[in-house]
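Undergrad: Here's a sequence, model it:
(chains A and B)
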Amino acid sequence: MSTADEVDLSHGGSRREHRVDSLVRWVFFICALLTILTTVGIILVLVQGAVTFFLDVSIIEYFTSIDWAPLDADPSFGIWPLIWGTLVITVGSALIAVPIGTLTAIYLSEYASDQTRSVLKPLLEILAGIPTIVYGFFALSFITPQIQRVFPDTGTFNALAGAIVVGIMIIPMVSSLSEDAMHAVPDDLRQAAYGLGATRFDVSTNVVVPAALSGIVAAYILAISRAIGETMAVTLAAGMRPQITTNPLEPIQTMTAYMVQVGTGDLSVGSIGYQSLFAVGLTLFAMTLAMNLVSLWIKGRYREVYR
Amino acid sequence: MSLVDAVTDRFATDLRAESTREPPADPDTIIEARDLSVYYGETLAIDSVSMRIPERQVTAIIGPSGCGKSTFLRSINRMNDLVQGARVEGELHFKGKNVYDEDVDPVALRRLIGMVFQRPNPFPKSIYDNVAYGLRIQDKDDNLDERVEQALRQAALWDEVNDQLDKNGLDLSGGQQQRLCIARAIATDPEVILMDEPASALDPVATAQIEDLIDDLARDYTVIIVTHNMQQAARISDKTAVFLTGGELVEFGDTSQIFSDPENERVEAYITGRFG
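TA: Numbers count the residues shown, from 1 in each chain, chains lettered A, B, ... in the order given. Predicted structure coming up:
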């Protein structure tokens, strides 16, 4: 075959289009890079600050002492009271958000008509858009007074109000993400079950939820890591007293609340108290990162349940 | 006894009582449509269809795409209830009872009328749990192992899967998945099996297996099968109903007569390939 007959496949589009194409590719790449660099920068700052802190305070004390009193004349840096406070809020809020959020998701996905869903889902997502400080005021001015009516000894700041308000705050996250996972379950499976004489409840509980389980669990974990990192609402609702107590009507302090206290206080930059900010921040980051990794693992592990 | 079972039981007795009280004109009729129309919103999907479907035979429903044949099939076990905006006029009698009467629970109805779908749709569960699913939700879970085995045998799948019952149903081939769905549908021992183009997603070998199976099933069950494949209808069915565009039932009769000597010109044109 002569070259004259050959099809010309060397140029698709003008030279200008090619230039734009490669330019756009760089713009996208730089945007992606920026995000990664920011993350790396944050981690570096945290690690550096934490290392400075651990030069002064023994890491063994940090992880074994159960006394957190960084501002005392004889300061003590045992992280456990703060981890305890964080766990109380996290577990308490999960106890509220997981059942309510899951049932809401089942209702939206399996029971509600398209019309109802199209009204309810955006409404729920508005809940997620309320500033967290507003939730904090809500806890102080509404939830705590209600608790005090039942338990008059309850203080202004208490762990229960914090857990409840964070629970309410993460319900939309649980319900919205779980609903997405349930909605993605192929309709074929529902039809199969209905065709066998399954009730709506049967279809929801033993077809849709198992098939969407990986997405539902991932939603739980994301919501829980949100609860771990939640700051303003818990600072306002649960108080600032680092202590390990099983009484939910007592004030506690979470890691985030401590960081607010120090960050807005008058500790001089460079003091041990100030440096502790980084150690606590790093601990917090490690916890949420672990949760996110678990979420990714679960998603990958169970992703191909249906295909 | 759960509420659903109570309803199922009551409905089942009702049906029996009804069928002795008011025998259908043809003693063999199990399903009878009377001026049945189905709308999706404003769209008329099937247009006042009347037909009598005989018991323990294979009835094929054929017609071009969009003629309403699947809609008709789904109106028998009220699967159309699940479609928002679907509306039914007229009556559909199952053993003498109008299934669109207010006192009928579609859940109870579907427990007596099984269904097999176009695309094999096993649950992402084990083979065993797939077959056992209907038995469990219907509380027929005594002798579960035995019932599962029997259903798989009837569906001609037992020999291929008896040593791997805990394998995921989705790991089977397409043809095996469809036979698994048939086993799942017959495990609860329904009276009627509806099949919506059950072989259209399968290769010729798997299709032949399904066709053989339908032949066997007709000994114990009433089979109503929608197909776009006229040769298939001719091979496997005793009666054939021809729906044509507009959701109209144009002709219904013995398969041999429909394919050799149809009365309606449009049907003849459709069958000989000149139309549709």
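Undergrad: you'd agree A:Gln148 is in a helix?
TA: Yes - note on A:Gln148: a helix contains this position according to DSSP: H, G, I helix; E, B strand; the rest coil.
Undergrad: If you count contacts, what does the lengthiest helix in chain A end up packed against?
TA: Assignment by DSSP state H gives helix A:15-56 as the longest helix of chain A. If you count contacts as 3 or more Cβ pairs under 8 Å, 6 or more residues apart in numbering or on different chains; DSSP states H and E, helix A:15-56 packs onto helix A:272-302. Backbone N, C-alpha and C define where each C-beta goes, glycine included.
Undergrad: In the helix it packs on, which residues are buried?
TA: For helix A:272-302, the neighbour count (16 or more other Cβ atoms under 10 Å in any protein chain shown) marks A:273-285, A:287-288, A:291, A:295, A:298 as buried.
Undergrad: cool, and stretch B:221-233?
TA: Applying 16+ other Cβ under 10 Å to stretch B:221-233 flags B:221-230, B:232-233 as buried.
Undergrad: For it, output the C-alpha coordinates as CSV.
TA: Output in CSV follows, covering the C-alpha atoms of stretch B:221-233 (Å, rounded to 0.1, in the frame of the first residue of the first chain):
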residue,chain,number,x,y,z
TYR,B,221,-48.0,-25.9,38.3
THR,B,222,-49.8,-23.4,36.1
VAL,B,223,-47.1,-21.6,34.1
ILE,B,224,-47.7,-18.3,32.4
ILE,B,225,-44.7,-17.2,30.4
VAL,B,226,-44.1,-13.9,28.6
THR,B,227,-41.7,-14.3,25.7
HIS,B,228,-40.7,-12.2,22.6
ASN,B,229,-39.5,-15.4,21.0
MET,B,230,-42.3,-16.9,18.9
GLN,B,231,-40.5,-20.2,18.3
GLN,B,232,-40.2,-20.6,22.0
ALA,B,233,-43.9,-20.0,22.5
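Undergrad: what pLDDT, on average, does that stretch get?
TA: Average pLDDT, stretch B:221-233: 93.
Undergrad: so what's the backbone phi/psi at A:Glu230?
TA: Main-chain dihedrals, A:Glu230, degrees, to the nearest 10: phi -60, psi 140.
Undergrad: what about it, distance to chain B?
TA: 35 Å (Cβ to the nearest Cβ, to the nearest Å).
Undergrad: residues near that residue, how many?
TA: When counting by other Cβ atoms under 10 Å in any protein chain shown, one arrives at 25 neighbours for A:Glu230.
Undergrad: thought it was touching A:Met169?
TA: Yes - counting by Cβ atoms under 8 Å, A:Met169 is a contact partner of A:Glu230 at 7.0 Å.
Undergrad: which neighbours do these two share?
TA: A:93, A:132 (Cβ atoms under 8 Å, 6 or more residues apart in numbering or on different chains).
Undergrad: Let me see the contact set for residue 253.
TA: Just so you know, I chose chain A. A:68, A:81-82, A:85, A:238-243, A:261 are the contacts of A:Gln253 under Cβ under 8 Å, 6+ apart.
Undergrad: Not quite, go with chain B.
TA: Per Cβ under 8 Å, 6+ apart, neighbours of B:Gly253: B:239-240, B:263.
Undergrad: Can you give me the neighbour number for A:Leu123?
TA: That count, for A:Leu123 with other Cβ under 10 Å as the rule, works out to 9.
Undergrad: For the host helix or strand of A:Lys121, give the mean pLDDT please.
TA: Assigned by DSSP states H and E, A:Lys121 belongs to helix A:114-129. What helix A:114-129 shows for mean pLDDT is 89.
Undergrad: For the helix or strand that that helix is followed by, buried residues please.
TA: Using DSSP H and E, the helix or strand that directly follows helix A:114-129 along the chain is helix A:132-138. Burial within helix A:132-138, assessed by neighbour count using 16+ other Cβ under 10 Å, is assigned to A:132, A:135-136, A:138.
Undergrad: for helix A:132-138, packing partners?
TA: Applying 3+ Cβ pairs under 8 Å, 6+ apart, one finds that helix A:132-138 contacts helix A:159-183, helix A:232-238.
Undergrad: do that again at 6 Å, thanks
TA: If you count contacts as 3 or more Cβ pairs under 6 Å, 6 or more residues apart in numbering or on different chains; DSSP states H and E, helix A:132-138 packs onto helix A:232-238.
Undergrad: Buried residues, the helix or strand following the helix it packs on. List them.
TA: Later in the chain than helix A:232-238, the nearest helix or strand by DSSP H and E is helix A:255-264. If you call a residue buried by 16+ other Cβ under 10 Å, then helix A:255-264 has these buried ones: A:255-262.
Undergrad: what angle do the helix holding A:Lys121 and helix A:159-183 make?
TA: In terms of direction (axes from the mean of the first three to the mean of the last three Cα atoms, to 10 degrees), helix A:114-129 departs from helix A:159-183 by 140 degrees.
Undergrad: which stretches of chain B form helices?
TA: Going by DSSP H, chain B shows helices at B:3-21, B:69-76, B:106-112, B:127-137, B:144-154, B:158-161, B:174-187, B:204-217, B:230-236, B:255-260, B:265-271.
Undergrad: Kindly reformat those as a markdown table containing distance to A:Asp74.
TA: A markdown table is the format used below for the helices of chain B (distance: least, Cβ to Cβ, whole Å):
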| stretch | distance to A:Asp74 |
| --- | --- |
| helix B:3-21 | 68 |
| helix B:69-76 | 78 |
| helix B:106-112 | 71 |
| helix B:127-137 | 63 |
| helix B:144-154 | 69 |
| helix B:158-161 | 73 |
| helix B:174-187 | 72 |
| helix B:204-217 | 80 |
| helix B:230-236 | 89 |
| helix B:255-260 | 97 |
| helix B:265-271 | 96 |
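Undergrad: dump the residue contacts of the nearest residue to B:Ser48 once chain neighbours are set aside.
TA: What sits nearest to B:Ser48 in space, not counting adjacent residues and going by Cβ to Cβ, 6 or more residues apart in numbering or on different chains, is B:Asp35, at 4.5 Å. B:Asp35 makes contact with B:48, B:50, B:90, according to Cβ atoms under 6 Å, 6 or more residues apart in numbering or on different chains.
Undergrad: No further questions, thank you.
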